[in-house]
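*Asks:* only the shape, not the letters, is given here:
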């Protein structure tokens with residue numbers, strides 16, 4: 001029987017779109033987020049995939065660029081994924097990707113949140129707060145209660 005992990009998230013990137021500034025174009029944000037792969041893609045695409053990936057595909061991205069030009073809220077990324085044969089023992093790969101994206105020097109993140117729902121387990125919610133600490137929020141374990149409780153350590 002397959003184990004599925006469902007992922008949903010969003011990241012807001014702030015940027016000064018001035019030539020020479022890091023992460024100032026949509027292409028630089030796309031490259032920074034990573035290469036994805038989907039069911040039916042060529043072996044070459046699968047070999048280039050460098051984001052969390054199940055047996056039938058990786059997390060995927062949808063990108064938005066603020067049409068107003070030089071504006072603080074420059075870009076947003078929606079993250080979604082249905083990762084087959086990807087269980088609780090693989091969740092650290094998603095955490096590592098989220099931490100890399102939200103803590104890389106030169107990236108200006110205004111907000112980021114991601115829900116990781118491994119089938120038959122309580123969902124995990126990752127929330128970026130600042131450059132020093134990515135807070136993790138989680139369901140308190142009571143079925144039907146989604147009130148968040150702040151994790152210890154941050």
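*Replies:* The structure has been received and is ready for your questions. Computed from a predicted model, the values in this text were never measured in an experiment. Numbers count the residues shown, from 1 in each chain.
*Asks:* so which residues of this structure form helices?
*Replies:* 26-33, 43-48, 91-103 (DSSP state H).
*Asks:* residues making contact with the shortest one?
*Replies:* Applying C-beta atoms under 8 Å, 6 or more residues apart in numbering, the external contacts of helix 43-48 come out as 35, 37. For glycine as for every other residue, the C-beta is placed from the backbone atoms N, C-alpha and C.
*Asks:* what about it, average pLDDT?
*Replies:* Confidence for helix 43-48, expressed as mean pLDDT, is 98.
*Asks:* dump the helices of the chain into JSON lines; add mean neighbour count as well.
*Replies:* As requested, those are arranged in JSON lines below (neighbours: other C-beta atoms under 10 Å):
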{"stretch": "helix 26-33", "mean neighbour count": "16"}
{"stretch": "helix 43-48", "mean neighbour count": "11"}
{"stretch": "helix 91-103", "mean neighbour count": "17"}
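*Asks:* in a markdown table, list those helices along with distance to residue 75.
*Replies:* Listed next are the helices of the chain as a markdown table, based on distance: least, C-beta to C-beta, whole Å:
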| stretch | distance to residue 75 |
| --- | --- |
| helix 26-33 | 5 |
| helix 43-48 | 22 |
| helix 91-103 | 12 |
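*Asks:* mind checking which of the ones you listed is nearest residue 1?
*Replies:* For the helices of the chain, the distance to residue 1 is smallest for helix 91-103, at 18.6 Å, taking C-beta to C-beta.
*Asks:* which elements pack onto the closest one?
*Replies:* With contacts defined as 3 or more C-beta pairs under 8 Å, 6 or more residues apart in numbering; DSSP states H and E, the packing partners of helix 91-103 are strand 4-14, strand 108-118, strand 124-130, strand 133-139.
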